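Engineer: task: produce atomic coordinates for the following.
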Amino acid sequence: MLKTIAIGACLFLAASNVFSQQKRVKPKPQPIDLSAGFVNDEAPSRAVLEKRIQQLESRVLELQLEMRKDNSAELDTTSDSYQKVNSNNGTFLVSVAKLEPYLNGYKIFLGIGNMTTATFSGFDLSLKWAPKEPAFNDNWLSWHQNKKTKSQHFTQDLLPGRWNQVEVILTPAQAHELGYLEVSIKTNEVILLSSK
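Structural biologist: All right, here's what the predicted structure looks like:
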């Protein structure tokens, strides 16, 4: 009996060795039928394809913005609301306190809420503004691509546990172009109290 088991095991090992040495053949990839799913097996027109490309670009952009949504605050300049924004060194609150006409644009007064116990010495603001955001449709991509932008460095401190007022001049800008404001913050230096 033991001899039969040993012979069976040798045969099994020899057979598995032969099969493992055989060349494995990968299945050939099948070509994609680009006309599948079209009415009467006709290819779509150029206009249909361009519209579909624009829809896909809009969707990709929407997903990219969703991934970065906490890195900037999107504010309605006509409301008394605030939003949180993540910076390189912490989280802040941002609100629009007021707008005033200034030269060929507007002076905007922002409140930046430092919710920490740290002082942030110096910071950079990046702002984007545009008319009020339209519904997500064909016009949305054009609206997004035509936002005006400004970056500004500030030497003032963002004091802990309070709203810090910041003034920014947006030019050129007309009243109807300020329905939407996007703000992001990058801080320079963090100052903490030392224990004695």
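Engineer: what comes up buried for the longest helix that the chain contains?
Structural biologist: Assignment by DSSP state H gives helix 46-67 as the longest helix of the chain. For helix 46-67, burial by neighbour count (16 or more other Cβ atoms under 10 Å) applies to Ser58. Just so you know, the C-beta spots here come from the backbone N, C-alpha and C atoms, and that holds for glycine as well.
Engineer: what is it packed up against?
Structural biologist: helix 138-145 (3 or more Cβ pairs under 8 Å, 6 or more residues apart in numbering; DSSP states H and E).
Engineer: the closest residue to Asn89 other than its chain neighbours sits in which helix or strand?
Structural biologist: Among residues not flanking Asn89 along the chain, Thr187 sits closest, at 4.6 Å (Cβ to Cβ, 6 or more residues apart in numbering). Element membership of Thr187 [criterion: DSSP states H and E] is strand 180-191.
Engineer: report the distance from that strand to the chain centre.
Structural biologist: 16 Å (Cα atoms, centre = their mean, to the nearest Å).
Engineer: picking that back up, may I see the buried residues of the next helix or strand after the longest helix of the chain?
Structural biologist: Later in the chain than helix 46-67, the nearest helix or strand by DSSP H and E is strand 73-75. Burial within strand 73-75, assessed by neighbour count using 16+ other Cβ under 10 Å, is assigned to 73, 75.
Engineer: given strand 73-75, what are its sheet partners and their directions?
Structural biologist: strand 180-191 (antiparallel) (DSSP bridges).
Engineer: hey, C-alpha coordinates of the partner strand in CSV?
Structural biologist: Below are the C-alpha coordinates for strand 180-191, written out as CSV (Å, rounded to 0.1, in the frame of the first residue of the first chain):
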residue,chain,number,x,y,z
TYR,A,180,-19.2,84.3,-6.2
LEU,A,181,-15.9,84.5,-4.3
GLU,A,182,-13.4,81.7,-3.7
VAL,A,183,-10.7,82.1,-1.0
SER,A,184,-7.7,79.9,-0.1
ILE,A,185,-5.1,80.6,2.5
LYS,A,186,-1.4,79.7,2.9
THR,A,187,0.2,80.6,6.1
ASN,A,188,3.9,81.4,6.5
GLU,A,189,5.0,81.1,10.1
VAL,A,190,3.3,79.5,13.2
ILE,A,191,4.0,81.1,16.6
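Engineer: re earlier: what angle separates the longest helix of the chain from helix 138-145?
Structural biologist: Counting by axes from the mean of the first three to the mean of the last three Cα atoms, to 10 degrees, helix 46-67 lies at 50 degrees to helix 138-145.
Engineer: and the residue nearest to Val94 when sequence neighbours are not counted, how far is that from Thr149?
Structural biologist: Closest residue to Val94 apart from its sequence neighbours, by Cβ to Cβ, 6+ apart: Ala73 at 4.2 Å. As judged by Cβ to Cβ, to the nearest Å, Ala73 and Thr149 stand 15 Å apart.
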